[in-house]
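Novice: sequence and predicted model, in that order:
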There are 2 protein chains.
Amino acid sequence: MGIKKNTMSKIKRALISVSNKKNLKPLLKILKKFKIKIVSSGGTYKKIKDLGFDCTEVSNFTEFPEILEGRVKTLHPKIHAGILYKRKNRKHLKNIKENNINTIDLVIVNFYPFEKTIQNTSNHEKIIESVDIGGPAMVRAAAKNYNNVTVITSTNQYEELLHQLNKNKGSTTLEFRKKLSLNAFSETAYYDSLIANYFNKITNNYFPQKKIIHSNLIEKLRYGENPHQKSAIYSYDNSLKLKKLNGKQLSYNNFNDIYATLTISKSLPKETGVVIVKHSNPCGVSIIKDKIKCFHSALACDPISAFGGIVSCNFKINRSLALELNKIFLEVIIANKFDKDALNILKKKKNLRLIDASDFSFKEEFRINSFNNTILFQNEDKIKFNPKDFKIVSKTKPNKEQMQNLIFAFNVCRYVKSNAIVLAHNKSIVGIGSGQPSRVDSCKIAIDKMKKFKNPSENIVAASDAFFPFVDGIEMLVQSGVSAIIQPSGSINDKDIIKYANQTNTILVFSKTRHFRH
Amino acid sequence: MGIKKNTMSKIKRALISVSNKKNLKPLLKILKKFKIKIVSSGGTYKKIKDLGFDCTEVSNFTEFPEILEGRVKTLHPKIHAGILYKRKNRKHLKNIKENNINTIDLVIVNFYPFEKTIQNTSNHEKIIESVDIGGPAMVRAAAKNYNNVTVITSTNQYEELLHQLNKNKGSTTLEFRKKLSLNAFSETAYYDSLIANYFNKITNNYFPQKKIIHSNLIEKLRYGENPHQKSAIYSYDNSLKLKKLNGKQLSYNNFNDIYATLTISKSLPKETGVVIVKHSNPCGVSIIKDKIKCFHSALACDPISAFGGIVSCNFKINRSLALELNKIFLEVIIANKFDKDALNILKKKKNLRLIDASDFSFKEEFRINSFNNTILFQNEDKIKFNPKDFKIVSKTKPNKEQMQNLIFAFNVCRYVKSNAIVLAHNKSIVGIGSGQPSRVDSCKIAIDKMKKFKNPSENIVAASDAFFPFVDGIEMLVQSGVSAIIQPSGSINDKDIIKYANQTNTILVFSKTRHFRH
């Protein structure tokens, strides 16, 4: 009992200053019940009076007028000393008494909504005006003095506060106050991070001296890539813009695969294309217009790997496609909507995760990769090709269809782990070699895949994410039936490679753009 | 001229409150030169007087005593209105005049060193006491009013301030003030992020509702994985603990490879082992005690891929090893120090990057992986094996050497991209299959690698990062000479796999731990 009594904090007076004024009434009722006095100002003061509760204006409490259109209200020693004094420190108690300062034991503050402001306007003056100064100062003071003071920074915390006050007869526990203190510093850090990042954005300051990333918890995951790893998913926004329509909870590996899949899928022509991914590597892609043919063609690239994989349709899934999809075992199906019949068919598999990604789109964000205490930032590899940037270096020139297939293969290639070789035929990928330390190994894997599952006899094109260091890789491709190759160029053996292409009537295009992805 | 005059801000009074008191003298001289008055308190006031400059105490300026042992000094409307009033707003000017408020046009503040405090003590009370309340409030007020006020938050900014004041005769430009405002919000966000993360740490709150990551710019990189991607490297600390002793600037891909290499290298037995990495995938690992043999054995796994790769020696490199290393083309060599002769030999190649990683060690940090606006967090896969956790399920049991090789292969396997198959022989890796969507493909690649470069006839062991779904992969390994296999287990075909192992006198160990890595 002794310990509990020592750490309990009886509340005599609350300071309330809230931008979001919802759910105040039940709170005010409880404060009244426990005879907790209220100090407030501006809009909050008006709201409290309107709801029929007693309240002292801050300016009466501090005996200093509210000035500068509200910019300076609570930045006063009577407020801050009332919050910050140590309740059991003799010196502090003497200061308080001598300076006629009244205690403030509960601070309920939420800030001017800076986040909403930057979403709704690009007017810089308005945005700056919405930076809250007084609120964070009080919250930080209260959070520092959590031994004595309770700090509420979100309307989501009201219910727990009510519970605490009711249970403890107008007091709060130290444990509760400590948790709130943590939340308070998270709020202020988050808030100032928004401001700093807004400034960075408008000044194109990509790499400031201090980089702060703020994110919101979306979901704790059961575990990470493996069961012995803890994991959670966060977002810069408050939603992933992915709607799960069916199936079990998504795992770390599901999310990792979903994003690997969407990265490719959303890069394809509008409302076109099927992508199949396994272990975050694509194992089938097609952009044939007909939905059924498109899926079958993507699947044909590597039907064994597709088993237990993830399929993304960059369009709405209809009934007939749903019937086809249902024939194989998949972990996840993503689409830009499912029609009603399709959903009914696919939902019959209870564990199958169905994701509506129609609201999802790629923003210009930096990709983060961390190791130990280090973070590597880079912006996404999203450069748009203009075929005019490419250089056709062989005597044989590609026709329109060949050029389209070359561009398609090269586009897919950027999403395949390096070294990457991608073979395409008739708007579909027919072989992928990925993640090899040597380029010629990737060629071999891609060719083996093609020969195993699909063996088109003509017009096979190949894309390589980086240059061929020697002729050997090109040789292997041409001997396996590849008639056109796109690659960045840049090897000291480029001349020999061109020579070999011409000797074999192979089309050779230099993209000049590299697409490493590790 | 008109525009310039409008945005220039003449400084009449500065408020100085600094925890770090270095380099104040030249600053004070300039302030004196331009007749800028100074307000200060506590230790800063004393320091300014000691240096022989005029200064008004905050308590005289505000006509309110400094109370609560300094907890409340500057949290006063005379300070905050003096900072926050709009210099050209009539209402504001009226407020200022009526309330006898004096202008503050320059705020020079650096905070109580919270970061240093948490590094130096684990005393919670001391740490909380070091949370600065007044400083951030003034900095935020000044940063908000950057149209009129100049805010300095770091001693690193003094020189630029001196330059500005000298150049503009006691004024600062709007551009300069805006840049300082951005820096100020970065400082406050960083500061509160430190506090929030300290609280998260002591309460084991791994996944708070709002997660804030703070990092310091180490270096802007020439570009990212590809030349059209912008990139930079940051650290949670102020140093990477990697000393570059020779060679060109490190690139994004170098760093990516260096960390991939160190992750493996630092997991090996103390001061033992060589790791070779290409495209962030290992292509050779050995833990033979003899340094030269160890390097040769790691290299023999895949000498073609090692070309242009990165080598990490988990020990000090001596002269004789340096001579061997010099025989092949490498991009980067990492070691726990280089002896003098070794350094002289290796430095002859001007472009060869030499990294001393003796100060580098792995901390318990969460790994970050981002896509678009989403972040996946997980802690590193660092679980330690106890062979007792493993289950030997075959009739034939491994001898001590075989068990050591199995554990070694399984340890390396966790760092190879999934699906991963790793073959080992005599404390060295002899074949790696990685990054394949189908496990049987990884088996094939690993075997092909082994047969191409090294073909040991006995005691080859294999490790798989996840279970074999069918017997086919195991079959392929055994037929290629593998005599012992470690894998997590968990397939519905486990029984058939055990049966096959017993029919072929193969040693089969179930690790029960999975090691996916994508």
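Specialist: Done, it's in.
Novice: and the closest residue to A:D105 other than its chain neighbours, what does it touch?
Specialist: Counting by Cβ to Cβ, 6 or more residues apart in numbering or on different chains, A:I11 is the residue found nearest to A:D105 once chain neighbours are left out, at 4.3 Å. For the C-beta atoms, the positions are set from N, CA and C on the backbone; glycine is no exception. By Cβ atoms under 8 Å, 6 or more residues apart in numbering or on different chains, the contact list for A:I11 reads A:34, A:36, A:105-106, A:150, A:165, A:170-172.
Novice: can you tell me the SS state at the residue in chain A positioned nearest to chain B?
Specialist: Per Cβ to the nearest Cβ, A:G435 is where chain A lies closest to chain B, at 2.5 Å. Secondary structure state of A:G435, per DSSP: H, G, I helix; E, B strand; the rest coil, is coil.
Novice: tell me the confidence at the residue nearest to A:D105?
Specialist: A:I11 carries a pLDDT value of 94.
Novice: since we're on the closest residue to A:K266 other than its chain neighbours, how many residues are nearby?
Specialist: Sequence neighbours aside, A:F362 is the residue nearest to A:K266 in space, at 5.7 Å (criterion: Cβ to Cβ, 6+ apart). The burial metric for A:F362, expressed as a neighbour count using other Cβ atoms under 10 Å in any protein chain shown, is 14.
Novice: just to revisit the earlier point, which pair in the contacts of A:I11 spans the largest distance?
Specialist: A:F34 and A:T150 (12.3 Å; Cβ to Cβ).
Novice: show me which of those two is the more surrounded one.
Specialist: Under the neighbour definition other Cβ under 10 Å, A:F34 and A:T150 were set side by side, and A:T150 has more, 24 against 15.
Novice: my guess is that one meets A:I104, correct?
Specialist: No. In this structure A:T150 lies outside contact range of A:I104 using Cβ atoms under 8 Å: 10.2 Å.
Novice: shouldn't A:G43 be in contact with A:N20?
Specialist: No. A:G43 is not in contact with A:N20 according to Cβ under 8 Å; the separation is 10.9 Å.
Novice: do the longest helix along chain A and chain B meet?
Specialist: The single longest helix within chain A, with elements called by DSSP state H, is helix A:174-202. Yes. Counting by Cβ under 8 Å from any Cβ of the partner chain, chain B has neighbours in helix A:174-202: A:178-179, A:181-183, A:185-193, A:195-196, A:199-200.
Novice: sorry, back to before: secondary structure class for the residue nearest to A:K266?
Specialist: Secondary structure for A:F362, judged by three-state DSSP, is coil.
Novice: show me what contacts it?
Specialist: Counting by Cβ under 8 Å, 6+ apart, A:F362 touches A:263, A:266, A:380, A:382, B:372.
Novice: which of those residues count as buried?
Specialist: By neighbour count, with 16 or more other Cβ atoms under 10 Å in any protein chain shown, the contacts of A:F362 hold A:263, A:266, A:380, B:372 as buried.
Novice: which bits of the stretch 251-400 of chain A sit near chain B?
Specialist: Proximity of the stretch 251-400 of chain A to chain B (Cβ under 8 Å from any Cβ) is limited to residues A:252-253, A:255-256, A:259, A:262-263, A:278-281, A:283, A:302, A:304-305, A:309, A:362-363, A:365-381, A:383.
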